[in-house]
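Trainee: coords below, sequence missing:
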């Protein structure tokens with residue numbers, strides 16, 4: 001007796017398998033994107049060196065993706081607009097360091113990577129990446145820029161608060177000075 005298979009059930013099973021594969025691929029891509037972002041942030045905060053950053057990626061495609069990712073990041077994206085250390089009785093506002101990638105750091109990473117395997121990085125373009133790594137690259141850029149924007153806005157809000165504190169204290173001091181001069185003038 002031969003088994004009769006339903007073509008619709010075979011097709012739905014095949015679609016379920018494809019959907020599961022896409023979901024797994026997407027998860028791996030997202031995990032790699034977060035790994036890229038977190039590795040660069042750790043280096044910027046001084047938790048790891050750029051040697052350790054590069055050595056935390058082992059596959060050739062991962063290294064290519066890292067290379068292109070570092071080249072695409074903005075350099076020194078948050079400019080200090082307020083003193084970081086406290087002065088007089090005012091608090092300072094430290095500049096966030098997690099996104100403080102300098103041109104020198106990026107150049108050091110590129111030179112270190114080229115020193116290990118220069119043939120990987122000669123004329124490397126985004127279209128040279130495997131589709132999974134290209135997706136991870138795009139996700140990492142989006143994540144990094146979103147986090148950078150949130151951090152920049154937070155820093156600017158903290159600066160506004162610190163500046164308002166300076167204005168309030170200055171206004172109080174001017175008022176006290178006027179009151180003291182008025183009292184001295186009356187006596």
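Mentor: Cool, got the structure. Given the structure is predicted, the values throughout are model-derived calculations rather than measurements. Numbering: from 1, shown residues only.
Trainee: contacting residues for residue 49?
Mentor: Listed by Cβ atoms under 8 Å, 6 or more residues apart in numbering, the contact partners of residue 49 are residue 43. For the C-beta atoms, the positions are set from N, CA and C on the backbone; glycine is no exception.
Trainee: quick one, phi/psi of it?
Mentor: With angles defined as degrees, to the nearest 10, residue 49 sits at phi -90, psi 170.
Trainee: distance-wise, check it relative to residue 160.
Mentor: Noted for residue 49: a distance of 35 Å to residue 160, by Cβ to Cβ, to the nearest Å.
Trainee: repeat that for residue 67.
Mentor: For residue 67, the distance to residue 160 equals 38 Å [Cβ to Cβ].
Trainee: between the two, which has more neighbouring residues?
Mentor: Taking neighbours as other Cβ atoms under 10 Å, residue 67 and residue 160 compare with residue 67 leading, 19 against 12.
Trainee: tell me if the more buried one really is in a strand.
Mentor: No: assessed by DSSP: H, G, I helix; E, B strand; the rest coil, residue 67 does not belong to a strand; its assignment is helix.
Trainee: would you check that it makes contact with residue 121?
Mentor: Yes: between residue 67 and residue 121 a contact is recorded at 5.6 Å, counting by Cβ atoms under 8 Å.
Trainee: what do these two both touch?
Mentor: 110, 113.
Trainee: which strands and helices lie in contact with the helix or strand harbouring residue 177?
Mentor: Using DSSP states H and E, residue 177 maps to helix 131-186. Other elements packing on helix 131-186 under the criterion 3 or more Cβ pairs under 8 Å, 6 or more residues apart in numbering; DSSP states H and E are helix 7-44, helix 60-72.
Trainee: quick one: that helix to chain centroid distance?
Mentor: Mean-position distance between helix 131-186 and its chain equals 20 Å (Cα atoms, centre = their mean, to the nearest Å).
Trainee: could you check the angle helix 60-72 makes with that helix?
Mentor: Orientation check (axes from the mean of the first three to the mean of the last three Cα atoms, to 10 degrees): helix 131-186 against helix 60-72 gives 30 degrees.
Trainee: quick check, central residue of the protein?
Mentor: Here the mean C-alpha position of the chain is nearest to the C-alpha of residue 144 (Cα atoms, centre = their mean), at a distance of 3.4 Å.
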